[in-house]
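>>> predicted structure and sequence below. I'll ask about it afterward.
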Amino acid sequence: DTGVSQNPRHKITKRGQNVTFRCDPISEHNRLYWYRQTLGQGPEFLTYFQNEAQLEKSRLLSDRFSAERPKGSFSTLEIQRTEQGDSAMYLCASSLGLGRDNTDTQYFGPGTRLTVL
Amino acid sequence: AQKITQTQPGMFVQEKEAVTLDCTYDTSDPSYGLFWYKQPSSGEMIFLIYQGSYDQQNATEGRYSLNFQKARKSANLVISASQLGDSAMYFCAMREGLRITSGTYKYIFGTGTRLKVLA
């Protein structure tokens, strides 16, 4: 399977605990994105990496959230001291940039569904 | 201000018929891309079709076509010959500044339309 993969697919945690999610992008894609999707809404942008550099962050990404992409391949998203409001689907996407198809289409993974009790 | 508007929370269509899902957008950037994604109950966002702001012709991809009306800022998705497997949420998204190499790369999504195909 050469698509975007995310682990875990589901995570249930207690309020106050830390959680970490992993995203493996499509191998030749140098751009990686994190989005959050709550029930009944479209995905909302959280952050963007070009290779290992984090180039854009949303105001949604509070101090409790941190994302890394240390070697420009996989990425992790950590949420510290989780709150019930953090319950959502966390989606990762990757893209090639304005390369062969000139569209910078983002391809999404299956998401990690977080439930904070 | 809402940049992507999908006014149909839910739609029904009979199997084998065509259906149009509406999307309007707002941007002052002359260079942008419009995307449609399908999200089944499993949660994965599946890319369907793309339309660039400078594209002269409407995009088509199999049973999917995009009715792009630039002056009206609309980018409606048309699904022909609906199948039961088309039942899902459908999201319209936009990326501004598509031809620049710096600046924002994020997609802005609408709230989606839930399509139900009836047998």
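Thanks, I have it.
>>> residue of chain A nearest chain B, please.
As assessed by C-beta to the nearest C-beta, chain B sits closest to A:Gly42 within chain A, at 3.0 Å. From N, CA and C alone the C-beta is placed, and that goes for glycine too.
>>> quick check, that residue in a helix?
No: membership of A:Gly42 in a helix is not supported by DSSP: H, G, I helix; E, B strand; the rest coil, which gives coil.
>>> contact partners for it?
B:4, B:91, B:93, B:109-112 (C-beta atoms under 8 Å, 6 or more residues apart in numbering or on different chains).
>>> any idea how far the closest residue to it other than its chain neighbours lies from B:Phe47?
Distances taken as C-beta to C-beta, 6 or more residues apart in numbering or on different chains place B:Phe109 nearest to A:Gly42, at 3.0 Å, with adjacent residues excluded. Taking C-beta to C-beta, to the nearest Å as the measure, B:Phe109 falls 13 Å from B:Phe47.
>>> what's the neighbour count on residue 30?
Using chain A here. Number of residues near A:Asn30 (other C-beta atoms under 10 Å in any protein chain shown) recorded here: 16.
>>> chain B was what I was after
For B:Pro30, the count of nearby residues is 11 (other C-beta under 10 Å).
>>> ok, now which ones touch it?
B:Ser53.
>>> for the chain, just list every one of the strands.
Chain wasn't specified; assuming chain A. For chain A, the strands defined by DSSP state E occupy A:5-7, A:10-13, A:19-24, A:31-37, A:44-50, A:53-57, A:65-68, A:75-79, A:88-95, A:107-108, A:112-116.
>>> ah, no, chain B please
B:4-5, B:10-14, B:19-21, B:24-25, B:32-39, B:46-52, B:60-61, B:64-69, B:74-79, B:88-96, B:108-109, B:113-118.
>>> can you tell me which of those is nearest to A:Phe21?
strand B:32-39 (18.5 Å; C-beta to C-beta).
>>> what bridges to the residue in chain B positioned nearest to chain A?
Residue nearest to chain A within chain B (C-beta to the nearest C-beta): B:Phe109, separated by 3.0 Å. Legend: beta-bridge partners of B:Phe109 under DSSP bridges are B:Ala93.
>>> I figured it hits B:Ala93, correct?
Yes: at 4.7 Å, B:Phe109 counts as touching B:Ala93 under the criterion of C-beta atoms under 8 Å.
>>> common neighbours of the two, please.
Listed as contacting both B:Phe109 and B:Ala93 by C-beta under 8 Å, 6+ apart are A:42, B:4.
>>> sorry, back to before: is it possible to get CSV of the strands of chain B that adds mean pLDDT, distance to A:Asn18 and mean neighbour count?
Formatted as CSV, the strands of chain B follow (pLDDT from 0 to 100; distance: least, C-beta to C-beta, whole Å; neighbours: other C-beta atoms under 10 Å in any protein chain shown):
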stretch, mean pLDDT, distance to A:Asn18, mean neighbour count
strand B:4-5, 96, 33, 19
strand B:10-14, 96, 38, 13
strand B:19-21, 98, 40, 18
strand B:24-25, 96, 38, 19
strand B:32-39, 95, 28, 24
strand B:46-52, 95, 31, 19
strand B:60-61, 96, 42, 12
strand B:64-69, 96, 41, 18
strand B:74-79, 98, 40, 22
strand B:88-96, 94, 30, 23
strand B:108-109, 94, 28, 22
strand B:113-118, 97, 34, 17
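>>> ok, back up a step: hey, least reliable of the strands of chain A by pLDDT?
Among these, strand A:53-57 has the lowest mean pLDDT, at a mean of 89.
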